[in-house]
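Novice: Need coordinates for the below:
(chains A, B and C)
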Amino acid sequence: MSGFGRILYGGDYNPDQWLDQPDVLKEDIRLMKLASVNVVSLGIFAWAALEPSEGRYEFDWLDQTIERLHGAGISINLATPSGAKPNWMGLKYPEVRRVDKVGHRDPQKGRHNHCWTSPVYREKVWEINRKLSERYGKHPAVILWHLSNEYGGYCYCDLCFDAFRAWLKNRYQTIDALNKAYWAAFWSHTFGSFDEITTIDDSVNGLQLDWQRFSSDRCVDFIKHETAAIRAGGSILPVVTNMMGYYTELDYWEQAPVLDYVSHDSYPWWHRELPDAAIGADTSFIYDLFRSLKAGKPWLLMESTPSNVNWAEVSRPKRPGLLRLQSLQAVAHGATSVMYFQWRKGRGGMEKFHGAVVDHTGNEHNRVFREAAQVGAELATIPQVADARTNPEVAVVYDWNVRWAIDNARSIRNVSKDYLPTCFSFYLPLWSRGVAADIINSLQDFSKYRLVIAPMLYLLRPGVAERLHTFVEAGGTLICTYETGLVNDTDLVFTTGFPGPLRDLFGIWVEETDAPIDATIQNVQVSSGNELGLSGSYKVKHYADILHLEGAESLGSFTDEWYAGSPALTKNKYGTGTTYYVASRNDDRFQDDFIGGVLAQIGITGLLGSKLPTGVTAASRTEEGVKYIFVMNFNNNVETVVLPDGLRSLDGAPSATPITLPAYGCEILVQE
Amino acid sequence: MSGFGRILYGGDYNPDQWLDQPDVLKEDIRLMKLASVNVVSLGIFAWAALEPSEGRYEFDWLDQTIERLHGAGISINLATPSGAKPNWMGLKYPEVRRVDKVGHRDPQKGRHNHCWTSPVYREKVWEINRKLSERYGKHPAVILWHLSNEYGGYCYCDLCFDAFRAWLKNRYQTIDALNKAYWAAFWSHTFGSFDEITTIDDSVNGLQLDWQRFSSDRCVDFIKHETAAIRAGGSILPVVTNMMGYYTELDYWEQAPVLDYVSHDSYPWWHRELPDAAIGADTSFIYDLFRSLKAGKPWLLMESTPSNVNWAEVSRPKRPGLLRLQSLQAVAHGATSVMYFQWRKGRGGMEKFHGAVVDHTGNEHNRVFREAAQVGAELATIPQVADARTNPEVAVVYDWNVRWAIDNARSIRNVSKDYLPTCFSFYLPLWSRGVAADIINSLQDFSKYRLVIAPMLYLLRPGVAERLHTFVEAGGTLICTYETGLVNDTDLVFTTGFPGPLRDLFGIWVEETDAPIDATIQNVQVSSGNELGLSGSYKVKHYADILHLEGAESLGSFTDEWYAGSPALTKNKYGTGTTYYVASRNDDRFQDDFIGGVLAQIGITGLLGSKLPTGVTAASRTEEGVKYIFVMNFNNNVETVVLPDGLRSLDGAPSATPITLPAYGCEILVQE
Amino acid sequence: MSGFGRILYGGDYNPDQWLDQPDVLKEDIRLMKLASVNVVSLGIFAWAALEPSEGRYEFDWLDQTIERLHGAGISINLATPSGAKPNWMGLKYPEVRRVDKVGHRDPQKGRHNHCWTSPVYREKVWEINRKLSERYGKHPAVILWHLSNEYGGYCYCDLCFDAFRAWLKNRYQTIDALNKAYWAAFWSHTFGSFDEITTIDDSVNGLQLDWQRFSSDRCVDFIKHETAAIRAGGSILPVVTNMMGYYTELDYWEQAPVLDYVSHDSYPWWHRELPDAAIGADTSFIYDLFRSLKAGKPWLLMESTPSNVNWAEVSRPKRPGLLRLQSLQAVAHGATSVMYFQWRKGRGGMEKFHGAVVDHTGNEHNRVFREAAQVGAELATIPQVADARTNPEVAVVYDWNVRWAIDNARSIRNVSKDYLPTCFSFYLPLWSRGVAADIINSLQDFSKYRLVIAPMLYLLRPGVAERLHTFVEAGGTLICTYETGLVNDTDLVFTTGFPGPLRDLFGIWVEETDAPIDATIQNVQVSSGNELGLSGSYKVKHYADILHLEGAESLGSFTDEWYAGSPALTKNKYGTGTTYYVASRNDDRFQDDFIGGVLAQIGITGLLGSKLPTGVTAASRTEEGVKYIFVMNFNNNVETVVLPDGLRSLDGAPSATPITLPAYGCEILVQE
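Specialist: Next up is the predicted model:
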């Protein structure tokens, strides 16, 4: 199964909060139709309504809800309720409550705080999931299973530590192997047996990293458990869970294979301190990550807000048009749904002021509803895009394992390490040019791409060095930076000189790294007339490698400090490919000039050919030879965009050029 | 009983720290006389001296102290010692020690950290209070009971939770009613029984709010318990406890009825980052709150410092004259006492450097003592003011329940909500004009006033909407703002459109609210020649309602963003009265122009008629037809003030006009 | 025993991390020789390698290491391994793990977190130390015992509280005496017995202070225990432990007497926000403290880094030449060793990126190794300096007891108290002039000096007031400041007027103290033509005493606030000596002018006579009548220094004048 044949449109629906108000439940259906809603995520936090006391199940209200929706032609993304446990469970079975890092067990409150290991919790989840599956798994309105909600966080209870020790035993077999992998002799941390691993010692980086991997695996294991219960109940419908962008604690690359779809909850901070265009680019970066997680398969925008959120320091309503832009942006980057948290605002509880399609007033007579209804209507007109694909020639590597290892490390800088912003800073010049990119981790297939950018590839997972060699040798272009090739998969430093196993690939040796405290200390000067079109002097901050050429060519040098004249940007030929090493963290102008230069060298051009106005981008999806191009303006003003020849509008009319996009405007064009 | 017939003057007296130095105790009496002290608060932290081990009482030292004071004609405000428990009690009975929010029981240390529920603590307090009452309750020198000290903080122990559950059961009767009142289905928080309430879940706002109300009630209940013990010992003297301005955690409106007097500990931050005039206005705001708490009955300034405090980041000595100004300011705003923490500086412990009348050197030869003695002498000359009253025509609503609910909410802004500063910003223009105001909560009688200002009246307690309608209908003028009428008494959002039950009263409907992140985003423009005399453009930050007129008239509009042109200030006629709705948080100039305009419309003028210099205010009290006017200069420079005709000085001489006030000067004038 | 006859050169050596790589161990020896290493600190964290399970000892690897080093002529500073306990111990015996202030026992992780009281820990340490002593204490290569590592932190377990109560009983004999010493009646804190002392109450300052003294004593006691175990094993070699500058929690003056040498771990923050010259001066201040700790006896620079550290927010590699400068600076200020953490970078663990002589690449072909080898070679040429001494005429008092008491106090300022920076601000003008100074605590002998500077001498320990009188009476010059003479040894305030027992010595009485919040509020104006050469107006912040002359002469007055005209700088003759009282915290220009003026008055001149360029200093050591003068340039540019006549270079050639110092240059000159 690969798609739904339409753009799903709807949101989180919580009728369990309104069971005593049948008029509201009825009105919901009328309003959903008005808004062109065709799917809802149902029952996400309904455990207390489904099982009000242990073993006593109440499905009547859900039966009726499903029939009501079905009668209105609305599909259902049915949730398992494990995102929040009922009070009776947390109080009767303390083990289901999570234990924090310093050993405190959570009180029974909040949500997202159950132990993924607890046998009791697993049994309770099994029962409710199986029953839901049996009862609704073949209902024609139900099309998808929404597993739990925003899985996250770690548990440090004894049950989890038991599981962790078993996980380690499986990974290392002997305690000696683990001691070596962790360099445990440091500070006398040598473990006498696996039983001596009882806490996470931040001074043992390998242990820290494995704990993060294990905890991420715990979640995968729990997803499998939830899914197995659904299958045990007889349903074969696809499963999905709503993920959270580049959420730190879970490696979504491990989750993707056990899910039928990946989905994302998107809450960009529009209209705040940063320009909306910067927010738009960051949002695209995440959307591209989700498109990449299952190799291009359409993903679901599971949550977004029609207006404001309620959890930020400050959250402003969306300016007119932005809701449409943000929704089409998701589609442009591969989504097959646009869905909201939440359909209707509740009257109480922490999220009562979170944006919703239906306001507290409960009617359609307000701006937010009107804009949402317009989006629904428009999405209904482009079903042909729902399963279309994108095949970028460029990939940016953003790897959770690398992120963990960088953040765990204590080195020349322990502030502003900025792994994620650095990855993004190499993505932005692509976005600005309308060049499509995948966001992958280092274990993915590089051979699909012509250009791979892997900033700060601090940790090299097994096989990565070899695969990067192969990729370049076969003609690929690879860009890496400072902080690359420092440690192996268990966080042990390479002893062969940095960038470790990539030293020959880049033809350099990094002897030392400076940590300029601000951008007044160091600059990069390029030679005039260089092939990449770089010009003048670029400011440096945070990192500056002092390196030696071992076959590479220098394209630019540092101008200051004791290593003035030392290469700052190098290029190396390897096989039939090329590598670039960026030795310092440079200013935005460098990022744009450099990536622009490399793209020009290898002949990759943007979707619309010519340069786009600042804050404007373009993205496309292709289905049966037809390319759908979304031109998007993230500025709060009109922009003019020059188009290449041969484009037409959705209705078939040839496109004039240039086109004018209103503030936050989006135009869909077609190319055959 | 309504007054003492004189201004009480004195302070906290701790002879229990000096029992081994009889010369010091004797010297205290000499110095008190020198300073015109006529009352002391005695034995506030003396439990360890009174009951050095369990059940062994030592009253001799207190007998002697009281006789010594009595012999000198000094009255006594005798304390119950519950503000700090002796070590033996905390160690033998762990239950008397408070438990914090995460479940830790306090060690035996500090002060103000006993459990108000603990039966053991209540019994020990009962015994000591009763004994003190029996022994001293009829002593002619004793005139007042000082209950404990600065009650504050919450306890989360099991005993308190038992009491909380009983409190809830009494309030809601059934768990279903509670679940509905709390919207508990949200996140599956439905409670199966009252027993399932075992922690305070911040995601259930109704529960949070009730916990704050309960904890505040616990204190009231404890005050009743302390008082009952005193009554059981035979004393009928009035009781008082020292409160702390607008202290967050306790609703002083609940305490006022069970106390014979309210009293306040006042520690303004003079001579720091803010101008002294701003500090002076804020101090007046609090003083007016205390005058209002018992409907105009004189209150006690129980603590203030003759020089510096010791607990602020930085605290400077008072400039010459400020001690007098601050003391007369309290009297001007309704106080019947001026008292200090502390009479004499101790030699050790955390407060050894807190300001006192008597310094470590122990003599009268220093500036602080001299100024304090002058204040004492002057206060002795105005006994006629001690029981005089003030009857303002204006009230500003500042309500603890509203504050809690606003602070608990998660909405478009979770920083800079600023409920209290907003209330103050509407008070400042009154203060600047010498217009008297009460500071009331929303349950007080509005009919006494001509103008009621209720900023950010987010939560409407039972009956408030109806009473505001009645008030305006009968001719009153009401000012409300953004963030008004959002939730009911259990924090459930109104579904009839904001401002909820006040929608018709203001003749508007608020569709959305923007949260401008700073003052560059939005402005209010008024029409020229408007009746309030507003002019030009005012800056907006934090809140801006997007509203529709439903009968109201627009007096000004927003100039920017998608809602440019939308009304920013509206006026509505209702019955014979008028309402104004201020849709945005505006700059200081707006506050001053707007309130000035409204006052002019309804014909309320300041005490001295004409406009006062910046930093100068006037306040008055009236007794038997004589009005005592205090003209106060909070600037560190000379100011000239024009007086109306017919004023005279205290000695009967007609007042010249203008008068000249020195830096920090205060002049008392009389009008008959 | 007073010296080693050479400058020790080497660092921390951890072969226990590389036991499975014999080639690396062999290469270490080759590289050590290349770098002129003559000593290593061995086995600091080797407990898990020495005793892998309880009672099973493995010494083979250490035998072999010692032989290998011995064979290469390298001496050994052999460590006791108590700095980190093995996992088996922490898990089997929970009592060895420390308990923090809120009562949590540490998990088994990290380092430096054992309880100094635990009988189990003491027994385990005894056994391993004794065994090491027996086995290696007479080995010819072993020259020194390195006790544990960077002792620090407090433990709050029951065992420690038992010991604390015994310590208090010994100190106060009766609980009444303690209650009086602590002013415990305050807040009813009177203790009924020593058993009631169960926690550290911050509101009882005397208790807080005694806890700090006790905890510091605990460490001394533990040092004695470790040493006794070594002696029990038969070794009579000297013991040392590596200390950490002015580390807050331990009073190093208490430790010095029980150690044969003091040693310091030095990690200045070069090349960051502050100028390197400021860092250099601060480093000298600490070095002078370590020279003073054992009355001039050479001390050991036990740790420093050849390049960066890994624990700072940001740490940059050292610029070329700085390693040499920093190393010679230590020697100039009395060190007899230059040693590093660490010899070789480990491949894993928290410190894997901490600078080392040998990089991960494991060879000599990099800048850091080359510079380190040059330093080693140069140090080998100046053995005559190793035991040379310095006898300053000036002392600056920096006292841990004073620091604790100031930090504990709650007074007019609770931020920016800045005791340490204030002491340093009086040292800097000495450093800038090349005037040698000891850094002493208030219990040291003052009679050795001509000038004693004791800033903010808030607490007067027993005998200090008397000894300061004696010192001045005999002709000494004493400088004190605001915040002097406030409390006695148990933190009880003096009642005789500030500066307490020093009032007559300074001929003043401090009535009040202002706390100007910034430097715009107050200034000091001096009279023109004053004897100290002060000129113009100086800015004041944080502290300004309002004082009265009682015999002293005023040299300058405040210009603002109500105390304008009040003396700001006073001078008093007492006996044949002179005292100066600096009543306010003044700007840097004042500090330099004032100290320069006082030095001129008493005829103390800098090492090189004339004024030195900013950022340049000079320090000297003398041996057998020969003075070795180190002229050091802490600037990143060339400086020219004028020399007095009669100097020559180390090789005997007369020195030309002026000399030119390169960036970070250091020249050693000789004067006979």
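Novice: Buried residues, the helix or strand hosting A:Gly556. List them.
Specialist: Following DSSP states H and E, one finds A:Gly556 within strand A:553-558. Taking 16 or more other C-beta atoms under 10 Å in any protein chain shown as the neighbour-count basis, strand A:553-558 is seen to contain the buried residues A:554-558. From N, CA and C alone the C-beta is placed, and that goes for glycine too.
Novice: and what of stretch A:51-59?
Specialist: The neighbour-count check on stretch A:51-59 (16+ other C-beta under 10 Å) flags A:Glu51 as buried.
Novice: residues in contact with that stretch?
Specialist: A:49-50, A:86, A:88-89, A:92, A:128, A:131, A:135, B:190, B:192 (C-beta atoms under 8 Å, 6 or more residues apart in numbering or on different chains).
Novice: 10 Å - rerun?
Specialist: With C-beta atoms under 10 Å, 6 or more residues apart in numbering or on different chains as the contact definition, stretch A:51-59 has outside contacts at A:19, A:46, A:48-50, A:66, A:81, A:86-89, A:92-93, A:124, A:127-128, A:131-132, A:135-136, B:188, B:190, B:192-193.
Novice: Are any of these buried, and if so which?
Specialist: Those of those that meet the buried threshold are A:19, A:46, A:48-50, A:66, A:81, A:86-89, A:93, A:124, A:128, A:131-132, A:135-136, B:188, B:190, B:192, by 16+ other C-beta under 10 Å.
Novice: which non-adjacent residue is nearest A:Lys180?
Specialist: Computed as C-beta to C-beta, 6 or more residues apart in numbering or on different chains, the closest residue to A:Lys180 that is not its neighbour in sequence is C:Asp20, at 7.4 Å.
Novice: and the buried residues of strand A:553-558, which two are the farthest apart?
Specialist: Within the buried residues of strand A:553-558, two members stand farthest from each other by C-beta to C-beta: A:Leu555 and A:Phe558, at 12.5 Å.
Novice: For the two, list the residues in contact with both.
Specialist: Taking C-beta under 10 Å, 6+ apart as the criterion, A:Leu555 and A:Phe558 both touch A:524, A:567-569.
Novice: For those, work out which two are farthest apart.
Specialist: Using C-beta to C-beta, the pair of these lying farthest apart is A:Val524 and A:Pro567, separated by 9.7 Å.
Novice: okay, and the common contacts of these two?
Specialist: The overlap between the contact sets of A:Val524 and A:Pro567 (C-beta under 10 Å, 6+ apart) consists of A:555-558, A:583.
Novice: Which member of those residues is positioned nearest chain B?
Specialist: Proximity of these to chain B was ranked by C-beta to the nearest C-beta; the top entry is A:Ala583 with 37.7 Å.
Novice: you'd agree the closest one is up against A:Thr481?
Specialist: Yes - counting by C-beta atoms under 10 Å, a contact exists between A:Ala583 and A:Thr481, whose distance comes to 7.5 Å.
Novice: Please say which of those two ends up with more neighbours.
Specialist: Under the criterion of other C-beta atoms under 10 Å in any protein chain shown, the comparison of A:Ala583 against A:Thr481 puts A:Ala583 first, with 29 against 24.
Novice: Return the nearest residue of the stretch 101-250 of chain A with respect to chain C.
Specialist: Proximity of the stretch 101-250 of chain A to chain C (C-beta to the nearest C-beta) peaks at A:Trp183, 2.5 Å away.
Novice: now for the longest helix seen in chain A, which elements pack on it?
Specialist: Criterion DSSP state H: the longest helix present in chain A is helix A:205-232. Here helix A:205-232 touches helix A:119-136, strand A:142-146, helix A:158-172, helix A:175-182, strand A:239-243, helix A:252-255, helix A:400-408, going by 3 or more C-beta pairs under 10 Å, 6 or more residues apart in numbering or on different chains; DSSP states H and E.
Novice: And the residue of the stretch 351-500 of chain A that's closest to chain C?
Specialist: Scanning the stretch 351-500 of chain A for proximity to chain C using C-beta to the nearest C-beta identifies A:Ser411 as nearest, at 3.9 Å.
Novice: How confident is the prediction for the residue of the stretch 101-250 of chain A closest to chain C, by pLDDT?
Specialist: Per-residue pLDDT puts A:Trp183 at 98.
Novice: Return the residues of the stretch 201-350 of chain A in contact with chain B.
Specialist: A:271-273, A:307-321, A:345-350 (C-beta under 10 Å from any C-beta of the partner chain).
Novice: Quick one, which of the residues you listed are buried?
Specialist: Among those, those classed as buried by neighbour count (16+ other C-beta under 10 Å) are A:271-272, A:307-310, A:312, A:314-321, A:345-350.
Novice: Which ones among those residues lie within helices?
Specialist: When these are checked against helices (DSSP H), there are no matches.
Novice: ok, and which of the residues you listed reach chain C?
Specialist: Contacts with chain C within those, counted by C-beta under 10 Å from any C-beta: none were found.
Novice: Contact partners for A:Gly597?
Specialist: Listed by C-beta under 10 Å, 6+ apart, the contact partners of A:Gly597 are A:429, A:526, A:530-534, A:555, A:580.
Novice: Make sure it is indeed in a helix.
Specialist: Yes - applying DSSP: H, G, I helix; E, B strand; the rest coil, one finds A:Gly597 inside a helix.
Novice: returning to that earlier point: and the longest helix of chain A, average pLDDT?
Specialist: Across helix A:205-232, the average pLDDT comes to 98.
Novice: and it with helix A:400-408, angle?
Specialist: Using axes from the mean of the first three to the mean of the last three C-alpha atoms, to 10 degrees, the direction of helix A:205-232 lies 140 degrees away from that of helix A:400-408.
Novice: Looks like the residue of the stretch 101-250 of chain A closest to chain C contacts C:His360 (just checking).
Specialist: No - under the criterion of C-beta under 10 Å, A:Trp183 makes no contact with C:His360, lying 11.9 Å away.
Novice: anything in contact with each of those two?
Specialist: When C-beta under 10 Å, 6+ apart defines a contact, the residues bordering A:Trp183 and C:His360 alike are A:492-493, C:346-347, C:352.
Novice: Most widely separated two among those residues?
Specialist: Among the shared contacts of A:Trp183 and C:His360, the pair separated by the greatest distance (C-beta to C-beta) is A:Leu492 and C:Gly346, at 9.1 Å.
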